[in-house]
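Q: sequence plus predicted model, see below.
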Amino acid sequence: MLHIRELTKSYAGAPVLRGVALDLGPGEYVAIMGESGVGKSTLLNLIAGLDTPDGGRVVLEGTDLTRLDDDERTRLRRRRIGFVFQAFHLLPHLTVAQNVALPLALNAIEDGGRVEALLAAVGLAGKADRYPRELSGGEAQRVAIARALVHRPALVLADEPTGNLDPVTATQVLAVLREQLERDGAAAILVTHSERVAATAQRTYVLGPEGLVPRDP
Ligand SMILES: Nc1ncnc2c1ncn2[C@@H]1O[C@H](COP(=O)(O)OP(=O)(O)OP(=O)(O)O)[C@@H](O)[C@H]1O
């Protein structure tokens, strides 16, 4: 469902990605590790179409993102991708339920009980009307996971999704994420520095100067 080929990206003449390739099947769940500054977030941003590569292709479900204009890329991202950020990125003036419902509104999709069902699935049924400031870090990240899945994306991208959580909460949040990915059949790419987090993925790659290298189990 995702094919990345010969992806290159430089910032101010300094190469960050030099020929990255990756193939992901439907429902596959992989982790990407690598040293700080090697370009992991840059790669996720290119896959999400939040940034454009200098060369190469990102083909999502048969569509080459690099050939779309900004509006087309934004529409595709909203519809087919869910993003989980390290710092949650919840909107402070919206309730938990309103935050989760945001991708439905942006895509003009009927709720059909989906927000309520997802909040129950991530253990937050009782917090639908709370505001982000009233949540713990683990709760906020579970809201972010529900929001990333509510519109049934084909691909979930998570950039250090448990980086701000204590180890016990991180394990719980990852279990919720994996359970929801399996339930929805969504593929996922998780960027992480944590071996514990990587161990929850089916495969792990290490990003380095020579590109993405599969790591032996
Ligand atoms: N918008 C930008 N403008 C200029 N340079 C950038 C930009 N985004 C990233 N870079 C540079 O590209 C390199 C890769 O950054 P990136 O955030 O992708 O690394 P990373 O592997 O995710 O690092 P970390 O593990 O520390 O989060 C860094 O040297 C960074 O300074």
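A: Sure, I can see it.

Q: report the distance from the helix or strand bottoming out on mean pLDDT in the chain to the chain centre.
A: When the helices and strands of the chain are scored by mean pLDDT, DSSP states H and E, helix 167-184 comes last with a mean of 88. Centre-to-centre, helix 167-184 and its host chain are 13 Å apart (CA atoms, centre = their mean, to the nearest Å).

Q: equivalent analysis for stretch 52-70, please.
A: 17 Å.

Q: can you name the residues that contact A201?
A: Taking CB atoms under 8 Å, 6 or more residues apart in numbering, we find A201 in contact with 29-31, 190. Yep, even glycine has a C-beta here, placed from its N, CA and C like the rest.

Q: dump these into a markdown table; add neighbour count and distance to the ligand as well.
A: Below are the contacts of A201 laid out as a markdown table (neighbours: other CB atoms under 10 Å; distance: CB to the nearest ligand atom, whole Å):
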| residue | neighbour count | distance to the ligand |
| --- | --- | --- |
| Y29 | 20 | 19 |
| V30 | 21 | 16 |
| A31 | 23 | 13 |
| L190 | 28 | 13 |
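
Q: make CSV out of those residues and add pLDDT and secondary structure.
A: As requested, the contacts of A201 are arranged in CSV below (pLDDT from 0 to 100; DSSP: H, G, I helix; E, B strand; the rest coil):
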residue, pLDDT, secondary structure
Y29, 95, strand
V30, 96, strand
A31, 97, strand
L190, 96, strand
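
Q: can you tell me which of the residues you listed is closest to V84?
A: L190 (8.5 Å; CB to CB).

Q: do you know how far that closest one is from I145?
A: 12 Å (CB to CB, to the nearest Å).

Q: and for these two, which residues touch both?
A: Listed contacts common to L190 and I145 are P161; contacts here mean CB under 8 Å, 6+ apart.

Q: show me what the least confident helix or strand of the chain is packed up against.
A: helix 114-121, helix 137-149, strand 155-159, strand 187-191, helix 195-198 (3 or more CB pairs under 8 Å, 6 or more residues apart in numbering; DSSP states H and E).

Q: show me what contacts the spatially most central residue of the chain?
A: In the chain, the C-alpha nearest the mean C-alpha coordinate belongs to L157, at 1.7 Å (CA atoms, centre = their mean). L157 makes contact with 44, 47-48, 81-84, 188-189, according to CB under 8 Å, 6+ apart.
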